[in-house]
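Participant: 3D model of this:
(chains A and B)
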Amino acid sequence: MAISIPVEHVLYLAALLFLLGLVGVLVRRNVIFLLMSLEVMMNAAGLAFVAAGAKWGQPDGQIMFMFILALAAAEVAVALGLVLQLSRRFETLDVDAADELSG
Amino acid sequence: MNADLVLFWVPAAIAVFSTALVITRKNASRALVYLVISLLAVAVVFFVLGAPFAAALEVVVYAGAIVVLFLFVVMMLNLGRSSVLREGGWLRPNMWVLPGILAFVLLIVMFHVFAGTQAKTAGTEVPPSAVGRALFGPYLLAVELAGFLLLAALVGAYHLGRRYLEERRAVVEGTGEGVDAGGDGGR
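Facilitator: Residues are numbered from 1 along each chain as shown, chains lettered A, B, ... in the order given. Model (predicted):
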């Protein structure tokens, strides 16, 4: 027998995880936590892709998930370099310390 | 039918619960442990959905590589504090007991998936071979573009991190005063 999970349930889960990540981005001001919340949101988007791929039995969903994975890896590498620069220049990890555009 | 939904919703509930813990922790390294649990739970969901390749990538790349990058940066920024006290803090039971319990529940779910009948995955399972054929067939151009993106990220991260490391070396050789960071810089 095969498990039959309605695709709506998986989309509920993806929406919940995305919402939690969004709340994290809006509430936290520590840049490490902002980046973690961004990862959670991208992971939720990938979950929606995989759910759609599983519904129609096509590999495209998993391929889109892999591209999201590559994107997340690239984003987190550059962003953590920026975190190092932030902590060097402002001696803090609060993103509000860098809210001015002057060099 | 009902037991199948349990197989899906148990890891789903663990994912939501541990993600909620991630965004409410004050200690960054503690939040990272819960982030690992959340990613493992989503990997189990992928497995139940019939996407084993995506599940493996979730564990290897997300929980294995990206979270370790985060951990490197958190540890790097913690250098200035009295590290002995912090090492002791990391080994306290409240650091790992709840994540351990959640991971154990995920392991039980995985055993149930494996102990079930042969085709215990949702509807149509998409095997890794199909994913690989599609990836290097119609999606070849996108794979090349992802390679460009990763190369650009590599160069950018090196450029951003190198100046930090030079500054850091000067600081360590000079006063020995580190950058205070890593805990809850927010409010």
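Participant: gap between A:Val7 and B:Gly156?
Facilitator: Distance of A:Val7 to B:Gly156, given as C-beta to C-beta, to the nearest Å: 37 Å. Where C-beta positions appear, they are placed from N, C-alpha and C, glycine not excepted.
Participant: what's the neighbour count on A:Ala15?
Facilitator: 13 (other C-beta atoms under 10 Å in any protein chain shown).
Participant: Isn't it up against A:Ala44?
Facilitator: Yes: the pair A:Ala15 and A:Ala44 qualifies as a contact (C-beta atoms under 8 Å) at a distance of 7.5 Å.
Participant: Okay, now the unreliable bits of chain A?
Facilitator: In the predicted model of chain A, residues A:1-3, A:101-103 satisfy pLDDT under 70.
Participant: give me that answer again for 80
Facilitator: A:1-5, A:91-93, A:97-103 (pLDDT under 80).
Participant: now the helices for it?
Facilitator: Under the criterion DSSP state H, chain A contains helices at A:7-27, A:31-56, A:60-90.
Participant: Just put the ones you listed in CSV and tack on distance to B:Phe17.
Facilitator: Listed next are the helices of chain A as CSV, based on distance: least, C-beta to C-beta, whole Å:
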stretch, distance to B:Phe17
helix A:7-27, 10
helix A:31-56, 13
helix A:60-90, 22
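Participant: Name the stretch among the ones you listed that sits most buried.
Facilitator: Greatest average neighbour count among the helices of chain A goes to helix A:31-56 (a mean of 23), per mean count of other C-beta atoms under 10 Å in any protein chain shown.
Participant: can you state the direction angle for that helix and helix A:7-27?
Facilitator: With axes from the mean of the first three to the mean of the last three C-alpha atoms, to 10 degrees applied, the angle from helix A:31-56 to helix A:7-27 works out at 170 degrees.
Participant: Which secondary structure elements does helix A:31-56 sit against?
Facilitator: Judged by 3 or more C-beta pairs under 8 Å, 6 or more residues apart in numbering or on different chains; DSSP states H and E, the packing partners of helix A:31-56 are helix A:7-27, helix A:60-90, helix B:2-22, helix B:28-48, helix B:67-77.
Participant: can I get these in a markdown table with distance to B:Pro127?
Facilitator: Formatted as a markdown table, the helices and strands packed on helix A:31-56 follow (distance: least, C-beta to C-beta, whole Å):
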| stretch | distance to B:Pro127 |
| --- | --- |
| helix A:7-27 | 19 |
| helix A:60-90 | 10 |
| helix B:2-22 | 20 |
| helix B:28-48 | 13 |
| helix B:67-77 | 27 |
